[in-house]
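Novice: make a model of this:
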Amino acid sequence: ADFAGYYYDRSCDAYILWGLGLGYHVKELFSLDDGISLQVFESDMDVIYHCLMATEMDMLFALPGFSLIYDPDFSKMIATLDETTKSFIIHNPSLRHIPDAGIREQMEMFFIRDSGKRNAAVLFEANSRENFRNFDGYVDELKPQFQGKDVIIVAAGPSLDKNVEQLKNKKPGTIIMAVETVFRKLLSLGIEVDYMIVTDANSRIYGHMTGLENQTVPMLYLATAYKGFAKNYRGKKYLICQNGYDKAEELAHKQGWNLYDTGGSVSTTALDVCIRLGCGRIAFIGLDLAYTGNLAHATGTARREAEEAELMKQVPAVGGGSVPVSRLFMMYNRWIVERVKQSDVTMPVVDATEGGAVIPGLEVMTLGEYLGIGEAPVKKRIDILIPIGDKGGVENIINMTVPYMQQKGMEVRVIQLISTGVEWTTEGIPYYTLLEGLAGHTLAEFSECYKSFLEKMGAPDCILATAWPSMCYVARKTMMLLENSAIRI
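Specialist: Just a heads-up that it's a prediction; the model follows:
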């Protein structure tokens, strides 16, 4: 009954459910309302068999609104969800039966997001009611202050302690936007904060602001943020209405305001705001999205120690190695990756955290480099030379490695000598093929062809010869033909 009570909505008469289990949760829903329509998708035939053996299902099959769909590759469910996801329910215990790790992970992420929204529904209602009464302006009004400016979004990850003091060296006109967790720390360090942003709906985070209510730093707050922030803060307050919350959408449409995407966290919301306000450059610091050093937050912000970090999934870390991450961190990371791919992201988005998880698509540099302290790094051009390409081990390593190299500021080109007609590189990796046909080529021809390419496209600083030992010869011979011995191979 808990399952049915949690998901049943009197205003909804049609549901899409993934995961049959033993069918008890399905019967619970129909026991509350036998007039609903319920499509149940299941990918495992063994699960269907055991359900039919263990549970009396005749009554369900007699209902006109019930249908059970065997969907081993999830294609039927995806086609159905193209229409709507508002009434989509995941039976969480069934997730463990998905053999494909990628699909299972995506379903788990959806379950986390959906559960968060459902659990916060009452808070959203109470908070938005008060927040709609207590704003001084709407965030759209700040576009003249943000447009074309450099912005540093300061999060509270553990790596913040590495470079936070450098914020004192920011150039005039650079905007510092602090998430609420780090606001007190920055003020205590004497760092000038231009804006503070709040999104959390829960009252427990209000402690980050206790005693700071009389500050005059402008505050940006989400429509569903804890109501105490907007009610008690004396500085100027700017409301943000978000996509995905109906009351915020209704108010924004009525007033002619823009809607903003949250991504599920305060840092991702800040990114969307900065993009839509037309910033010149955007940088993050303190955005570890990982438990760097098995720590949760920077000193002087929030809970410092991370629990059971050693048991969590490890992902590539900025600077090499790996760091532990939670599923929520992975979800925020992926949201940023997809957000910076959108057409309105015309400005550089920089990861200046100097630690934490790699966020593909963000340019990695130190905060000092972003602020222009010291000499700017020289961008290196790397050629990865491969004879032929398909979907194998070397190709997988290249696809995994190149995004990291790009984030480190390197210009990487993949040069495939012989085309196989297979497009194996991932999106965003420059890829060139030089010759057609698999037979009849010589090493001398390879060298001449690569030489012609370099004369036209420019020589690299370094060549990584892969797959065949003879590629080292081809690279070396090409350098001799170019009379360039400075290129590292």
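
Novice: and the strands in the stretch 301-450 of the chain, which stretches?
Specialist: Taking DSSP state E, counting those that start in this stretch as the criterion, the stretch 301-450 of the chain carries its strands at 313-316, 322-325, 349-351, 363-364, 381-386, 411-418, 431-435.

Novice: so which of the ones you listed is nearest Thr216?
Specialist: Of all those, strand 349-351 sits nearest to Thr216, with 28.5 Å by C-beta to C-beta. No exception for glycine: its C-beta is placed from N, CA and C like everyone else's.

Novice: and that closest one, what does it pack onto?
Specialist: strand 281-285, strand 363-364 (3 or more C-beta pairs under 8 Å, 6 or more residues apart in numbering; DSSP states H and E).

Novice: picking up where we left off before, same list (the strands of the stretch 301-450 of the chain) but as a markdown table, adding mean neighbour count, mean pLDDT and distance to Phe41.
Specialist: What follows is the strands of the stretch 301-450 of the chain, written out as a markdown table (neighbours: other C-beta atoms under 10 Å; pLDDT from 0 to 100; distance: least, C-beta to C-beta, whole Å):
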| stretch | mean neighbour count | mean pLDDT | distance to Phe41 |
| --- | --- | --- | --- |
| strand 313-316 | 16 | 90 | 27 |
| strand 322-325 | 21 | 91 | 29 |
| strand 349-351 | 23 | 95 | 37 |
| strand 363-364 | 18 | 92 | 41 |
| strand 381-386 | 22 | 92 | 41 |
| strand 411-418 | 21 | 92 | 39 |
| strand 431-435 | 16 | 90 | 37 |
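
Novice: would you reformat these as CSV and include distance to Gly102?
Specialist: As requested, the strands of the stretch 301-450 of the chain are arranged in CSV below (distance: least, C-beta to C-beta, whole Å):
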stretch, distance to Gly102
strand 313-316, 14
strand 322-325, 16
strand 349-351, 24
strand 363-364, 25
strand 381-386, 25
strand 411-418, 24
strand 431-435, 23
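
Novice: give me the buried positions along stretch 349-368.
Specialist: 349-367 (16 or more other C-beta atoms under 10 Å).

Novice: and what of stretch 229-243?
Specialist: Quick answer for stretch 229-243 (16+ other C-beta under 10 Å): 229-230, 233, 237-242.

Novice: can you put these in TSV and add pLDDT?
Specialist: As requested, the buried residues of stretch 229-243 are exported to TSV (pLDDT from 0 to 100):
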residue	pLDDT
Phe229	94
Ala230	92
Tyr233	94
Lys237	97
Tyr238	98
Leu239	97
Ile240	98
Cys241	97
Gln242	95
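
Novice: most widely separated two among those?
Specialist: Within these, two members stand farthest from each other by C-beta to C-beta: Tyr233 and Gln242, at 19.4 Å.

Novice: what's the nearest residue to Asp461 if we skip its chain neighbours?
Specialist: Ranked by C-beta to C-beta, 6 or more residues apart in numbering and with sequence neighbours excluded, the top spatial neighbour of Asp461 is Lys380, at 4.8 Å.

Novice: which parts of the stretch 201-350 of the chain are helices?
Specialist: Using DSSP state H, counting those that start in this stretch, the helices assigned to the stretch 201-350 of the chain run over residues 227-232, 246-255, 266-276, 327-339.

Novice: tell me which of those helices sits most buried.
Specialist: helix 266-276 (a mean of 24; mean count of other C-beta atoms under 10 Å).

Novice: of the helices and strands packed on strand 349-351, which shows the lowest average pLDDT?
Specialist: Summarising mean pLDDT across the helices and strands packed on strand 349-351, the least confident stretch is strand 363-364, with a mean of 92.

Novice: ranges for the helices of the stretch 351-489 of the chain?
Specialist: Using DSSP H, counting those that start in this stretch, the helices of the stretch 351-489 of the chain run over residues 367-371, 393-407, 443-457, 470-482.

Novice: any chance of the ones you listed in CSV, plus distance to Tyr24 and mean pLDDT?
Specialist: Output for the helices of the stretch 351-489 of the chain, formatted as CSV (distance: least, C-beta to C-beta, whole Å; pLDDT from 0 to 100):
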stretch, distance to Tyr24, mean pLDDT
helix 367-371, 54, 92
helix 393-407, 42, 87
helix 443-457, 63, 89
helix 470-482, 60, 89
